[in-house]
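Asks: Any chance you could fold what I've pasted below:
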Amino acid sequence: MYIKKIKFKDFNDNEREQDFYFNLRKDELTKLTAKYGQNFEQRVRNMAMNDDKAGLYTLFEDLLKCSYGVKSEDGLHFRKSDQIWYDFYDSPAYEALFMEIMTDTDAATSFFKGIMPKDIAEKVEEELEKRAAPKS
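Replies: All right, here's what the predicted structure looks like:
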């Protein structure tokens, strides 16, 4: 579960700060992997390195749409639906988060890692550490 505190101005011109919840299940990640290809992480890097703004826009919108939801009070459910998505998408909070992700590499990386299932995120982190380690 990735909890993102977003600062934004509402449509009444009031400054707000609110927590929003994102979680990507393994089945959802599998669907995205089928859509974007097996080496999902490398594909994202290639898009960024090639300045593929259209590809990144589509990718991050898909990630946001697949991962956004509302956590139940008791923590047993994480509700996702078209209506829940569109309520978020139509809000200034979505715009603030989307622009942050699209303009700040660290924010995009944090979001990407944060929404991943924990065991998969740990494997990715281990792989990155192995690649970064000096070869003897």
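Asks: Next, work out how far apart residue 39 and residue 78 are.
Replies: Distance, residue 39 to residue 78, using C-beta to C-beta, to the nearest Å: 27 Å. Glycine gets a C-beta too; all of them are placed from N, C-alpha and C.
Asks: nope, residue 134 is what I meant
Replies: Taking C-beta to C-beta, one finds residue 134 at 41 Å from residue 78.
Asks: Comparing residue 39 and residue 78, which shows the higher neighbour count?
Replies: Taking other C-beta atoms under 10 Å, residue 39 and residue 78 do not tie; residue 78 has more neighbours (16 against 11).
Asks: beta partners of the more buried one?
Replies: Note on residue 78: beta-bridge partners residue 71, judged by DSSP bridges.
Asks: Could you double-check that it lies in contact with residue 23?
Replies: Yes: contact criterion C-beta atoms under 8 Å: residue 78 and residue 23 qualify, at 5.4 Å.
Asks: shared neighbours of the two, anything?
Replies: Between them, residue 78 and residue 23 share these contacting residues under C-beta atoms under 8 Å, 6 or more residues apart in numbering: 1, 69.
Asks: Would you map the strands across this protein?
Replies: Along the chain, counting by DSSP state E, strands occupy 2-9, 15-22, 68-71, 78-79.
Asks: Of the ones you listed, which stretch is the most buried?
Replies: For those, the largest average neighbour count (mean count of other C-beta atoms under 10 Å) is found in strand 68-71, namely a mean of 18.
Asks: what's the average pLDDT for it?
Replies: If you average the pLDDT over strand 68-71, you get 96.
Asks: And that strand, how far out from the chain middle?
Replies: 13 Å (C-alpha atoms, centre = their mean, to the nearest Å).
Asks: got a list of contacts for that strand?
Replies: Identification of contacts with strand 68-71 by C-beta under 8 Å, 6+ apart yields 1, 20, 21, 22, 23, 77, 78, 79, 80, 84, 85, 88.
Asks: Please apply the same query to stretch 93-108.
Replies: Residues contacting stretch 93-108 (C-beta under 8 Å, 6+ apart): 4, 6-8, 16, 18, 20, 48, 53, 56-57, 60-61, 64, 88, 111.
Asks: repeat that with 6 Å
Replies: 6, 8, 60, 88, 111 (C-beta atoms under 6 Å, 6 or more residues apart in numbering).
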